[in-house]
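Novice: Sequence plus predicted model, see below.
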Amino acid sequence: MGKIIINTPNAPAAIGPYSQAILAGNTLYCSGQIALDPATGSLVMDSIAAETHQIMKNVIAVLEEAKMSLDSVVKCSIFMSSMDHYAAINEVYSEYFQENPPAREAVAVKTLPKKVNVEISVIAVR
């Protein structure tokens, strides 16, 4: 089983030595997305809700490049700068996963790249 690099200009370019996603067999492993707007390169940090919406747009762009959708997602990992953001993130997240949501963990961490408040990664299957 080989691996295929997934890369799209519709999501932010990697800010380090990693790929946006790797397709291995029928499984897509997506790197964590932060709220970078791929069109401007600027962070969207007006609110936790706006930050989370931008992240989900980025996740969707990577999934679409791999010919998948949010329905393909089986696991999400949410990293946040504070558990105080949990309810606001959940509110936005639930708009994207209304039925049969994937497995998930949500954890608070000390610091995230570019000092953002939220990072989300997903695993999806065909």
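Specialist: Done, it's in. This is a predicted model, so every value here is computed, not measured.
Novice: For the helix or strand harbouring Asn58, what is the distance to the chain centroid?
Specialist: Element membership for Asn58 (DSSP states H and E) is helix 48-65. Remark: helix 48-65 is offset 6 Å from the chain centroid, using Cα atoms, centre = their mean, to the nearest Å.
Novice: And stretch 107-116, by the same measure?
Specialist: With Cα atoms, centre = their mean, you get 14 Å for stretch 107-116.
Novice: what do you get for stretch 104-122?
Specialist: With Cα atoms, centre = their mean, you get 10 Å for stretch 104-122.
Novice: Got phi/psi on the closest residue to Thr111 other than its chain neighbours?
Specialist: What sits nearest to Thr111 in space, not counting adjacent residues and going by Cβ to Cβ, 6 or more residues apart in numbering, is Ser81, at 7.3 Å. C-beta: built from backbone N, CA, C; applies to glycine. Taking degrees, to the nearest 10, you get phi -80, psi -20 for the backbone angles of Ser81.
Novice: And Ser81, how close does it get to Val118?
Specialist: To Val118, Ser81 is 7 Å away according to Cβ to Cβ, to the nearest Å.
Novice: Compare the two (neighbour count), which wins?
Specialist: Per other Cβ atoms under 10 Å, whichever of Ser81 and Val118 has more neighbours is Val118, with 26 against 17.
Novice: dump the residue contacts of that one.
Specialist: 34-35, 48, 51-52, 55, 78-81, 85, 89, 112 (Cβ atoms under 8 Å, 6 or more residues apart in numbering).
Novice: What are the boundaries of the strands in this protein?
Specialist: Ranges of strands in the chain, per DSSP state E, are 3-6, 21-24, 27-30, 73-80, 103-108, 118-125.
Novice: what mean pLDDT does the last one have?
Specialist: The predicted model assigns strand 118-125 a mean pLDDT of 98.
Novice: Can I get stretch 3-15 in CSV, CA atoms only?
Specialist: What follows is stretch 3-15 as a C-alpha-only set of coordinates in CSV (Å, rounded to 0.1, in the frame of the first residue of the first chain):
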residue,chain,number,x,y,z
LYS,A,3,0.8,6.8,0.1
ILE,A,4,-0.5,9.7,-1.9
ILE,A,5,0.2,13.3,-0.9
ILE,A,6,-2.9,15.4,-0.8
ASN,A,7,-2.3,19.1,-1.4
THR,A,8,-4.8,21.9,-2.3
PRO,A,9,-4.4,25.6,-2.7
ASN,A,10,-7.9,25.9,-1.2
ALA,A,11,-6.5,25.2,2.3
PRO,A,12,-3.5,26.8,3.9
ALA,A,13,0.0,25.6,2.8
ALA,A,14,1.8,23.6,5.4
ILE,A,15,3.8,25.9,7.8
